[in-house]
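Asks: Fold the following for me, if possible:
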Amino acid sequence: MYGGRLVLAGLRSRAATRGARDRVASFHRSPLRIRFFSYFYPPCIGGGEVILQHQAEELARRGHQVHVHTTPYTNMDGSTEVPSGEFLEGGVHVYRRPSSWAPGRNPLEKNAVTRAFLRDAWLPADLLVSVGYPSLHLDWLSARAAAGGTPLVVQNYVTAAFLREILGGEGGVNKRVRAEYWRRWVRPLLARAHAVIADSPAAAAALSSELSLSNVHTHVGMAVDPVEFDAVTTARRRDVRALLGLGTDQVVLAPSRLSRQKGADLLVEAFLPLARPGWKLVICGPVNEADFAATVHQAAAGRTDVVITQLPRDQLLALFMESSIVALPSRGETVGGVVFEGMYAGALCIVSDAVEAARDDYLRHGENGLMFPAEDVGALRAALGRAMTEPMAAERAAARRMVESRFTWTASVDRLLEIYPRA
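Replies: As a prediction, this is how the structure comes out:
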């Protein structure tokens, strides 16, 4: 009897394996209609938005019919926007729906109110993907998946540290409401999704342990486009140097948004005492927090070796190619995609250990970059000093090889397509 159960279990296991393989093969073979829902999409600039755009365009290149439903906001505080409408961008159908921005601090994190998402959630689809933090579109898509059986994937970019902060509920009424909202409302929605994709091993572990989810997968989604970098000309590199007044100086680049999370203030504090002739610090990115940006400008006031700017994508790529060091002193995030771009461009990358995927996956201190304890200005200054005085050619070469082998958009979407069919 017991032996018969083992044989039956083995047959079921093999049948399940064959079924999974058939689903994967079918996914790669048959064009699907995939609908992504996200508050933000380029020209809004952020890690999640860049990932979504490249995933969507790569899936479209592979023959899938890809739709992105989003708001017209171009900044994560809802302060600027582009016209609403329907567009075809990079082979992707993009729907920027009229939206309103909820004022004040919203403990439910549903700042953007997009009524059209309620209708869009029920449009024909073979796969639904909810992108970002809890949102109205996650609510609507969960209802659609429950009623119609359409597979739902949630791509959630919350860090492990932030998830624990959310669930801790410390710091006032809003924080307590948010904690209860996650436990009582968000967790059941995530549990019913066919797959929840985390952006780092630490985030995946936290979603599994803190929310008791059994459907979590890890996918470090950020990557680079080698063609985009290889197209940068010598003339464009020369032009961006002239534009920023860099002369022949070597560059420490901080390519990220001006928000406290990204830690530009820490970098200025670490860089200024070094005062190395022939070096400039360039902080390049959109302003997400005006008060914080003013603080950074004030700290660097009067220094000719610090440049704070924002550049279009083509000029930013040229600046990457001109940078000797790329620094990400973040106070917390999952991947830190600008690190991959710095590595591919040949820079030595210095990253805080609050960047979870760097800490747990791709960055090896002293082998393909340098890592320092988050918010430790002295350690950041020491890392900068070392990178300014040592060539570290082997570390730079190892970093580029790693990106070329693992973190191109083609490789990233290949890994993603190992997860989607399971939904």
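Asks: With adjacent residues omitted, what lies nearest to the residue nearest in space to the middle of the chain?
Replies: Geometric centre of the chain, nearest residue: G47, 3.2 Å, by CA atoms, centre = their mean. Distances taken as CB to CB, 6 or more residues apart in numbering place G337 nearest to G47, at 5.1 Å, with adjacent residues excluded. The C-beta positions use only the backbone N, C-alpha and C, and glycine is treated the same way.
Asks: cool, and V326?
Replies: G342 (2.9 Å).
Asks: residues touching the one you found, list them.
Replies: Contacts for G342 (CB atoms under 8 Å, 6 or more residues apart in numbering) come out as 253, 255, 320, 323, 326, 349.
Asks: From those residues, which one has the minimum pLDDT?
Replies: Minimum pLDDT for the contacts of G342 is recorded at P255 (95).
Asks: That one: neighbour count?
Replies: Look at P255: counted by other CB atoms under 10 Å, it has 23 neighbours.
Asks: just checking, it touches I325?
Replies: No: using CB atoms under 8 Å, P255 is not in contact with I325; the gap is 11.3 Å.
Asks: related to what we said a few turns ago, check the burial of the residue nearest to G47 by counting its neighbours.
Replies: 27.
Asks: wait, doesn't it sit right on V220?
Replies: No: at 9.2 Å, G337 does not count as touching V220 under the criterion of CB under 8 Å.
Asks: hang on, the earlier thing: ok, now which ones touch the residue nearest to the centre of the chain?
Replies: Contacts of G47 by CB under 8 Å, 6+ apart are 157, 222, 333-337.
Asks: Am I right that L281 is in a strand?
Replies: Yes: counting by DSSP: H, G, I helix; E, B strand; the rest coil, L281 is located in a strand.
Asks: Roughly how far does it sit from V50?
Replies: As judged by CB to CB, to the nearest Å, L281 and V50 stand 23 Å apart.
Asks: can you pull out the helices in the stretch 1-150 of the chain?
Replies: 2-29, 47-61, 116-120, 136-148 (DSSP state H, counting those that start in this stretch).
Asks: rank the ones you listed by pLDDT, which is bottom?
Replies: Among the helices of the stretch 1-150 of the chain, helix 2-29 scores lowest, with a mean of 44.
Asks: And the helices in the stretch 151-300 of the chain, which stretches?
Replies: Under DSSP H, counting those that start in this stretch, the stretch 151-300 of the chain gives helices at 160-168, 173-181, 187-192, 201-210, 226-230, 234-244, 264-271, 290-299.
Asks: re earlier: redo the contacts of G47 as CSV? Include pLDDT and distance to I34.
Replies: What follows is these, written out as CSV (pLDDT from 0 to 100; distance: CB to CB, whole Å):
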residue, pLDDT, distance to I34
Y157, 78, 19
M222, 91, 19
E333, 89, 26
T334, 89, 22
V335, 92, 22
G336, 92, 26
G337, 91, 22
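Asks: Those: which two are farthest apart?
Replies: With CB to CB as the measure, no two of the contacts of G47 lie farther apart than Y157 and G336, at 11.9 Å.
Asks: Compare the two (neighbour count), which wins?
Replies: G336 (28 against 21).
Asks: list the contacts for that one?
Replies: Counting by CB under 8 Å, 6+ apart, G336 has contacts 47, 222, 328, 330, 351, 355, 357-358.
Asks: can you pull the pLDDT of A293?
Replies: So, for A293, pLDDT stands at 96.
Asks: residues contacting it?
Replies: A293 touches 258, 287, counting by CB under 8 Å, 6+ apart.
Asks: any idea how far E289 lies from I51?
Replies: From E289 to I51 the distance is 22 Å (CB to CB).
Asks: what about those two, which has more around it?
Replies: Neighbours per residue (other CB under 10 Å) separate E289 from I51, with I51 holding more: 24 against 17.
Asks: can you pull the contacts of the more buried one?
Replies: I51 touches 221-222, 337, counting by CB under 8 Å, 6+ apart.
Asks: and what of L370?
Replies: Contacts of L370 (CB under 8 Å, 6+ apart): 348-351, 383, 386-387, 395.
Asks: Equivalent analysis for R406, please.
Replies: R406 neighbours (CB under 8 Å, 6+ apart): Y362.
Asks: Likewise for H64?
Replies: H64 touches 31-34, counting by CB under 8 Å, 6+ apart.
Asks: related to what we said a few turns ago, comparing L281 and V50, which residue is more hemmed in?
Replies: Between L281 and V50, L281 has the larger neighbour count (other CB under 10 Å), namely 25 against 20.
Asks: Which pLDDT value goes with the residue nearest to V326?
Replies: Value for G342, per-residue pLDDT: 98.
Asks: Could you tell me how far the particular helix or strand that has it in it lies from the centre of the chain?
Replies: Taking DSSP states H and E as the criterion, G342 maps to helix 337-345. Centroid displacement of helix 337-345 relative to its chain, using CA atoms, centre = their mean, to the nearest Å, is 13 Å.
Asks: That one versus helix 47-61: what angle between them?
Replies: Relative orientation of helix 337-345 versus helix 47-61 (axes from the mean of the first three to the mean of the last three CA atoms, to 10 degrees): 60 degrees.
Asks: how about helix 337-345 as PDB, C-alpha atoms only?
Replies: In PDB, the C-alpha atoms belonging to helix 337-345 read as follows (Å, rounded to 0.1, in the frame of the first residue of the first chain):
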ATOM      1  CA  GLY A 337      20.200  49.900 -11.100                       C
ATOM      2  CA  VAL A 338      22.600  52.900 -11.700                       C
ATOM      3  CA  VAL A 339      25.300  50.700 -10.200                       C
ATOM      4  CA  PHE A 340      25.000  48.300 -13.200                       C
ATOM      5  CA  GLU A 341      25.200  51.300 -15.600                       C
ATOM      6  CA  GLY A 342      28.300  52.500 -13.800                       C
ATOM      7  CA  MET A 343      29.900  49.100 -13.900                       C
ATOM      8  CA  TYR A 344      29.200  48.600 -17.600                       C
ATOM      9  CA  ALA A 345      30.600  52.100 -18.300                       C
END
